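In: what would the 3D arrangement of this be:
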Amino acid sequence: MGLFNRTASRMSGSTTLLLSADPGNSLLDAARLYDPDVRSWHGRLVFHNGVLLFGPVTVTPKSEQQAGLPAGAAVAWYTRVAMQTRRDERPAEAKLADGDRLVRGLALRLGGTTRPESLQPQLQLMASVYSEQGLEPDQVVSVLRPFGGDLRIEDQEKDTYNVSGKEIYFFTAYWSPQRFLAMFEPAALGKLRSRRPHHWDLVTGVKASQAASELCLCVGEAALALASRVDGIVTDVLGFRVTKPGDMLLR
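Out: Predicted coordinates for the structure are as follows:
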């Protein structure tokens, strides 16, 4: 009983994923889109950015009440932050924010809900492309123009530039490997995080929760086209890998 109470107490103070049934291997498959090197250890999933996901926890009427969970869930997972080595240590607030993004992304992919119900509500619709290969700015424009409109290079400096224009669907910012900060980049990059990749962000300025489906798909198609050109990886604003345009429908 004591162990049960501790679990309910931990869930009550944590970001929690709630599902109507145990998804089996589907949860681990979705978690690998967030971190391809995630590992399972003693009732938890361990992610390389310092996030832990504990579960599955069977939800009963009593645990539902003790943990303050909404009615209707059969199984739950909850986040905590891990201690890391000094070399890999990240700020606790960064790990907590990443845990929120993880749970929100898993809920979207597995048809679940979250507690708190609203997580990261102000996040913009954005896709990021990472690659060990660079691409000349004018070639980036050529790849993106069919999706983004009348684009052009602006604010070009040694390690960065922007792709913008009038009446465009998204704005693109580029950072060279010299600007890469592994501490804050998504775990979805896997081993690429240690190789200081090139980085492009395709930003819309529209909240992900309110973006039209057409815009979500457009950004997804553009990011995947650029990634195909440079043999790169695409991630969404929650830090999950994007493998098809529909993955950008973050609702």
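
In: and residue 191, helix, strand or coil?
Out: Following DSSP: H, G, I helix; E, B strand; the rest coil, we place residue 191 in the helix state.

In: excluding chain neighbours, what is closest to it?
Out: By the measure of CB to CB, 6 or more residues apart in numbering, the closest residue to residue 191 outside its immediate chain neighbours is residue 37, 7.8 Å from it. All C-beta atoms are positioned from the backbone trio N, CA, C, and that covers glycine.

In: wait, the one you found touches residue 48, no?
Out: Yes: taking contacts as CB atoms under 8 Å, residue 37 lies within contact range of residue 48: 5.8 Å.

In: just the helices in the chain please.
Out: In the chain, the helices defined using DSSP state H lie at 2-12, 25-34, 61-67, 92-110, 137-148, 213-230.

In: columns mean pLDDT, distance to residue 74 and mean neighbour count on top of those helices, output as JSON lines?
Out: What follows is the helices of the chain, written out as JSON lines (pLDDT from 0 to 100; distance: least, CB to CB, whole Å; neighbours: other CB atoms under 10 Å):
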{"stretch": "helix 2-12", "mean pLDDT": "71", "distance to residue 74": "14", "mean neighbour count": "14"}
{"stretch": "helix 25-34", "mean pLDDT": "96", "distance to residue 74": "13", "mean neighbour count": "17"}
{"stretch": "helix 61-67", "mean pLDDT": "88", "distance to residue 74": "10", "mean neighbour count": "15"}
{"stretch": "helix 92-110", "mean pLDDT": "93", "distance to residue 74": "13", "mean neighbour count": "20"}
{"stretch": "helix 137-148", "mean pLDDT": "96", "distance to residue 74": "41", "mean neighbour count": "17"}
{"stretch": "helix 213-230", "mean pLDDT": "98", "distance to residue 74": "30", "mean neighbour count": "20"}
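
In: any chance of those in JSON lines with distance to residue 206 as columns?
Out: Shown next, in JSON lines, are the helices of the chain (distance: least, CB to CB, whole Å):
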{"stretch": "helix 2-12", "distance to residue 206": "33"}
{"stretch": "helix 25-34", "distance to residue 206": "23"}
{"stretch": "helix 61-67", "distance to residue 206": "35"}
{"stretch": "helix 92-110", "distance to residue 206": "17"}
{"stretch": "helix 137-148", "distance to residue 206": "14"}
{"stretch": "helix 213-230", "distance to residue 206": "7"}
